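Engineer: Sequence plus the predicted model coming up.
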Number of protein chains: 2
Amino acid sequence: MNDDLLHGGALDHMQTAYPNAPTPWVDLSTGINPWPYPVGALPPSAWQHLPTEAALQACRAAMAHAIGAPEAALLLAPGSELLIRLLPTVIAPRTVALLSPTYGDHARAWRASGADVIETADPLAFAGKVDALVLCNPNNPTGMVHERSQLGQALTRQAARNGWLIVDEAYADLCPALSLTPLAGARNLIILRSFGKFYGLAGLRLGALLGPPALLDSLSHRLGVWPVSGPALAIGKQAYADLAWQAETRNQLAAARRRLDKILLDSGLWLVGGTDLFRLVKTEKAQQLWHRLAEAGIYVRRFDYAPDLLRIGLPSDAAAEHRLAAALSL
Amino acid sequence: MNDDLLHGGALDHMQTAYPNAPTPWVDLSTGINPWPYPVGALPPSAWQHLPTEAALQACRAAMAHAIGAPEAALLLAPGSELLIRLLPTVIAPRTVALLSPTYGDHARAWRASGADVIETADPLAFAGKVDALVLCNPNNPTGMVHERSQLGQALTRQAARNGWLIVDEAYADLCPALSLTPLAGARNLIILRSFGKFYGLAGLRLGALLGPPALLDSLSHRLGVWPVSGPALAIGKQAYADLAWQAETRNQLAAARRRLDKILLDSGLWLVGGTDLFRLVKTEKAQQLWHRLAEAGIYVRRFDYAPDLLRIGLPSDAAAEHRLAAALSL
C-alpha cells in the first residue's frame, strides 16, 4: 500500500495512481468545508508589505471574539499543524497520554521529542498522572466529544501536578459549546484551533494556539514576527468577524451531513461517527470499497491503523452526491 | 525611544506616533522591491485545498532553477525569518561567529539557544575555529559582499572541523554571481533565501533553506507537510519561472538605486553602503534626520546599535522621490 495514499489531501497522487478514473475527481478525503468563505479582492499591501502588527492584532481580535477566547491568550500561526510540530520545542513532557485513534501528527510529534506516549481510548483516566494529556475535541476521525465539564475536571487534576491539558479543537467551530476557549490563558491549558477546515480555506495556512503568557512568549519567539501571511490575516479577520456567515455555514454543513448520512445508510454502510464535516464508516470491505471509489474518481480517507474504517467528507454538490451514491451501490 | 520604531515594517506604529504627518506615508523602512511581481487571479484550489505535494515541488523546482541550486537541496518555508528561528532547534553549535552589523535576528536566535556568539566585522577570520560561521551575503544593512571563492575557502575550513557555514542570501537575487547555491547540499553548508524582498511580495511569506539531506529532514519534520500557503506556492512558482521579469527587475532596481543615490548625495549625505534595494547613509544627525523625515511622512530605518546610520529603501515613484528630496533639503 502506497503510504501517501493513506492520507487525505494527496489528490495529485491519486490522479497518478488511478489515471483512468473519471474526472473531475470528487475529493472527499479531507474534512474541509467545500463551500469556502468567499475570498474577495485583497488590498495590495496584504501581498506586498511585511504584515503589520496592526493586521496581526486585527485578525487575532476577530478570531478571539468569534471563538469566545480572551484575546491576550491567542497566538496566530501558519496552520495548527506547524504548532503541533513546534510544541515539543517549547514544552518537554516526559509522559503523554493521547486519545486514540486521532490525528496522527500528535503521536508522531511527541514520540519524536522523546516523550513516552500512551495511546488510549480514555485519556481522561490519566488526568493527574501524566505530564501532558492530549485529545482532539471533537475528535478526528471518530467524532467523539468530551464535554466542557469533563475537561474542566481533567484540567484541575493536571494543574495539581503542573501538567498540561492539550486540546486540539480543529473542528470545534462546528460545536462552539464544547470549546474550552473561555478558559484560554489558564496556566496548564493549551488549545489548538484551525481556520482552514470550517472556513474551507485550508490553503491559506492559518491557525492558533491559546495558552498561558509564558508559553505564548516562547512559541512566539520560535515563530518570529511575521509568521502568518498578509492574505491569511486579511481574509481571517473578515471571516472571523462574519458571524452571520458562520451561523449559516453551521446550518448548511449540518444539512449536507444529513444528506451524506442518507447516502451512506442507503448503501448499507455502518456509520460509527464523525462531525458535520466528515463521517466515519466501518466495514470489513473498507479496502475494496476504497479502491472501487478511487476507480470511480472518488477519493476518501483510509487509515493504516484501522483497515475497516473509511472517512468520507461532504460532497460539494448534487452531482458529487450522485456519483458517490452510484459508486457505493455497485 | 520606542523600540518598535527602530525596526522596519511597522508603518502602523509610525502612523500612530506621527499623526500629523502628511499622507500617504512613504515607507522606505524596508528593503522590499516597490514594484512587485504581478499577482494575477489564483486557482480556487490554491486557497481551498491543503497544498499538494505537486504544488510544493513545482514551486521548489522553479526556485531551484532560478537560483541555480540542486532541487533536492531546497526546503521551502513560510519566510526565511521562521527558518532563522527554527535552525537552533535542529543544529546546536556552541560557538557562533557572526558578521556584525547584520540582520538582528541571527544574533538573537543563536544567543537564545545558549550559543556563545562572537559578533565580528570579519567572520571569515574565524573559519575553522567555530561551530557555526554566519553571515549575510550581500549584507544587510551594509551591503558588504563576500566573493564565492572566499566563502568556498571558509567552507573548506569549517568542514575540516565539521562546523557549519551559514549564509543568509536574502538579497542575493540582486547579484546571483555571489551566491553559493551551486554548492547547496554540501555537508557543512546552509543557505537561506527569501522570496519577498526581490519579488516585492513580503506579505506572502515564502523562503527557503538549502542544506544537506539530514538537515532538511530534521527541519521538514519541524515544519510539517503544509508549511507554505497555496497562494505562496502558486505565485512563487510563476515568479521564479519568469526569468525575463527577473532580468528586467534587476535593471529597474539598479536604475532606481542610482536615482536614490543622486538624491542622497545632492542633499550632502554620506553613502556608506547598501544594495540595489536600499542604501545606507552615515551622519551625526541621523536621529534628528529620522524624526524630520517622519514628520514629513517618510519612514526610514534606524538602528539601535548605530545611532549614526540610516537605511533608506527605494522610493516607488517620482512623487515619493520628490518628497524625499524635499524633506532632506529642509
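Structural biologist: Cool, got the structure. Numbering: from 1, shown residues only, chains lettered A, B, ... in the order given.

Engineer: Mind checking if whatever helix or strand A:K262 lives in is in reach of chain B?
Structural biologist: Assigned by DSSP states H and E, A:K262 belongs to helix A:243-266. No. For helix A:243-266, no contact with chain B is found by CB under 8 Å from any CB of the partner chain; the gap never falls below 14.1 Å. All C-beta spots, glycine's among them, are computed from the backbone N, C-alpha and C.

Engineer: So which other helices or strands are in contact with that helix?
Structural biologist: strand A:270-275, strand A:278-282, helix A:318-328 (3 or more CB pairs under 8 Å, 6 or more residues apart in numbering or on different chains; DSSP states H and E).

Engineer: Now mean pLDDT, mean neighbour count and distance to chain B too, for those, in a markdown table please.
Structural biologist: As requested, those are arranged in a markdown table below (pLDDT from 0 to 100; neighbours: other CB atoms under 10 Å in any protein chain shown; distance: least, CB to the nearest CB, whole Å):
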| stretch | mean pLDDT | mean neighbour count | distance to chain B |
| --- | --- | --- | --- |
| strand A:270-275 | 97 | 18 | 17 |
| strand A:278-282 | 98 | 23 | 14 |
| helix A:318-328 | 97 | 16 | 14 |
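
Engineer: Would you state the helices of chain A in chain order?
Structural biologist: A:11-17, A:44-48, A:53-67, A:80-90, A:105-112, A:148-160, A:196-199, A:213-223, A:230-241, A:243-266, A:286-295, A:318-328 (DSSP state H).

Engineer: Check those for me: which has the lowest mean pLDDT.
Structural biologist: Mean pLDDT per stretch puts helix A:11-17 lowest among those, at a mean of 89.

Engineer: buried set for it?
Structural biologist: Using 16 or more other CB atoms under 10 Å in any protein chain shown as the test for burial, helix A:11-17 gives A:11-15.

Engineer: what packs against that helix?
Structural biologist: helix B:53-67.

Engineer: From A:L233, how far out is the residue in the stretch 51-200 of chain A that chain B sits nearest to?
Structural biologist: As assessed by CB to the nearest CB, chain B sits closest to A:A54 within the stretch 51-200 of chain A, at 3.7 Å. Between A:A54 and A:L233 the distance is 10 Å, computed by CB to CB, to the nearest Å.

Engineer: More neighbours: the two, which one.
Structural biologist: A:L233 (27 against 15; other CB atoms under 10 Å in any protein chain shown).

Engineer: so which of the helices of chain A comes closest to B:T275?
Structural biologist: helix A:44-48 (18.5 Å; CB to CB).

Engineer: Counting neighbours, which bits of that closest one end up buried?
Structural biologist: A:45-48.

Engineer: Among these, which ones lie close to chain B?
Structural biologist: A:45-48.

Engineer: Dump those to a markdown table, plus distance to A:L269.
Structural biologist: Below are those laid out as a markdown table (distance: CB to CB, whole Å):
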| residue | distance to A:L269 |
| --- | --- |
| A:S45 | 49 |
| A:A46 | 44 |
| A:W47 | 45 |
| A:Q48 | 50 |
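
Engineer: nearest to A:G207, of those residues?
Structural biologist: A:A46 (18.3 Å).

Engineer: contacting residues around that closest one?
Structural biologist: A:55, A:230-231, A:233-234, B:203 (CB atoms under 8 Å, 6 or more residues apart in numbering or on different chains).

Engineer: May I ask which two of those residues are separated the most?
Structural biologist: Of all pairs in the contacts of A:A46, the most separated under CB to CB is A:A55 and A:P231 at 10.4 Å.

Engineer: So those two - more neighbours on which side?
Structural biologist: Neighbours were counted for A:A55 and for A:P231 using other CB under 10 Å; A:P231 has more, 30 against 23.

Engineer: Go ahead and confirm that one touches B:P231.
Structural biologist: Yes. Look at A:P231 against B:P231 with CB atoms under 8 Å: they come within range, at 5.7 Å.

Engineer: Need the overlap of contacts for these two.
Structural biologist: A:204, B:204.

Engineer: circling back to that earlier point, show me what contacts the closest residue to the residue of the stretch 51-200 of chain A closest to chain B other than its chain neighbours?
Structural biologist: Spatially, and ignoring its direct neighbours in sequence, A:A54 is nearest to B:D12 (3.7 Å; CB to CB, 6 or more residues apart in numbering or on different chains). The contact partners of B:D12, by CB under 8 Å, 6+ apart, come to A:52-55.

Engineer: got it, and A:R161?
Structural biologist: So A:R161 contacts A:128-129 (CB under 8 Å, 6+ apart).

Engineer: Roughly how far does it sit from A:L133?
Structural biologist: 10 Å.

Engineer: Ok, A:T30 next?
Structural biologist: 27 Å.

Engineer: ok, now A:A255?
Structural biologist: From A:A255 over to A:L133 (counting by CB to CB), the distance is 35 Å.

Engineer: do the same with A:L75
Structural biologist: For A:L75, the distance to A:L133 - CB to CB - is 21 Å.

Engineer: More neighbours: those two, which one.
Structural biologist: A:L133 (31 against 20).

Engineer: hang on, the more buried one packs against A:D168?
Structural biologist: No. Using CB under 8 Å as the test, A:L133 is too far from A:D168 to be in contact (11.8 Å).

Engineer: hmm, back to that, buried residues in the helix holding A:K262?
Structural biologist: Neighbour-count burial for helix A:243-266 [16+ other CB under 10 Å]: A:245-246, A:249-250, A:252-253, A:256-257, A:260, A:263-264.

Engineer: any idea which of those is closest to A:V90?
Structural biologist: A:Q246 (30.8 Å).

Engineer: A:I67 is in contact with the closest one, correct?
Structural biologist: No. Using CB under 8 Å, A:Q246 is not in contact with A:I67; the gap is 10.0 Å.

Engineer: which neighbours do those two share?
Structural biologist: With CB under 8 Å, 6+ apart, A:Q246 and A:I67 have common neighbours A:D173.

Engineer: How about the residues of the stretch 51-200 of chain A by chain B?
Structural biologist: A:51-55, A:78-79, A:81-82, A:84-86, A:89, A:105, A:112, A:196, A:200.

Engineer: hmm, 6 Å instead?
Structural biologist: Within reach of chain B by CB under 6 Å from any CB of the partner chain, the stretch 51-200 of chain A has these residues: A:51-52, A:54, A:78-79, A:81-82, A:85, A:89, A:200.

Engineer: of the residues you listed, buried ones?
Structural biologist: A:51-52, A:78-79, A:81-82, A:85, A:89, A:200.
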